[in-house]
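**Student:** the sequence and its predicted three-dimensional model are supplied below.
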Amino acid sequence: MPNIKSAEKRVEIAKKNNLRNRAKKSEISTYVKKFKKAIAEKDIANAESLYAKVASLLDVASKNNIIHSNSASRKKAHFAKLLSDAKNA
């Protein structure tokens, strides 16, 4: 337990940040699951709109340091390839 008042405040702030970051990551993973399901069901139109949403969420998360920027870029490239392969198949 922190003994200094500022350290107590930092603990509270860290808890709030952790909750916010977990919520954002959970939202990203929900849309990723929806995207992959649309790809599996060959629903290209829905997959395209979901890809735009996932890419946007990843960009915002990387901008706010919730996930690393390279991780966001790698995931976007992976999902773009999945979408491209689904279109061409």
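**Tutor:** On my side now, so go ahead.
**Student:** centre of the chain versus stretch 28-43, how much separation?
**Tutor:** With C-alpha atoms, centre = their mean, to the nearest Å as the basis, stretch 28-43 stands 13 Å off its chain's centre.
**Student:** what does stretch 7-19 give?
**Tutor:** From the chain centre to the centre of stretch 7-19 is a distance of 22 Å (C-alpha atoms, centre = their mean).
**Student:** from now on call the first residue 6
**Tutor:** From this message on, residue numbering opens at 6, which makes the last subject stretch 12-24.
**Student:** what's next to it, contact-wise?
**Tutor:** For stretch 12-24, the surrounding residues in contact (C-beta atoms under 8 Å, 6 or more residues apart in numbering) are Pro7. (C-beta placed from N, C-alpha, C; glycine too.)
**Student:** can you list the buried residues in stretch 32-39?
**Tutor:** Buried positions in stretch 32-39, judged by neighbour count with 16 or more other C-beta atoms under 10 Å: 33, 36-37.
**Student:** between those, which is nearest Ala82?
**Tutor:** Using C-beta to C-beta, Val37 is the member of these that lies nearest Ala82, at 13.7 Å.
**Student:** okay, and that closest one sits in which element?
**Tutor:** helix 10-45 (DSSP states H and E).
**Student:** ok, Leu62 next?
**Tutor:** helix 49-68.
**Student:** excluding covalently adjacent residues, which one is nearest to the spatially most central residue of the chain?
**Tutor:** For the chain, Ile33 is the residue whose C-alpha lies nearest the centre (C-alpha atoms, centre = their mean; 3.3 Å). Closest residue in space to Ile33, ignoring its immediate chain neighbours: Leu62 at 4.9 Å, by C-beta to C-beta, 6 or more residues apart in numbering.
**Student:** enumerate every residue touching that neighbour.
**Tutor:** When contacts are counted by C-beta under 8 Å, 6+ apart, Leu62 touches 29, 32-33, 36.
**Student:** is it possible to get CSV of these that adds pLDDT and distance to Glu17?
**Tutor:** Output for the contacts of Leu62, formatted as CSV (pLDDT from 0 to 100; distance: C-beta to C-beta, whole Å):
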residue, pLDDT, distance to Glu17
Lys29, 97, 19
Glu32, 98, 23
Ile33, 98, 25
Tyr36, 98, 30
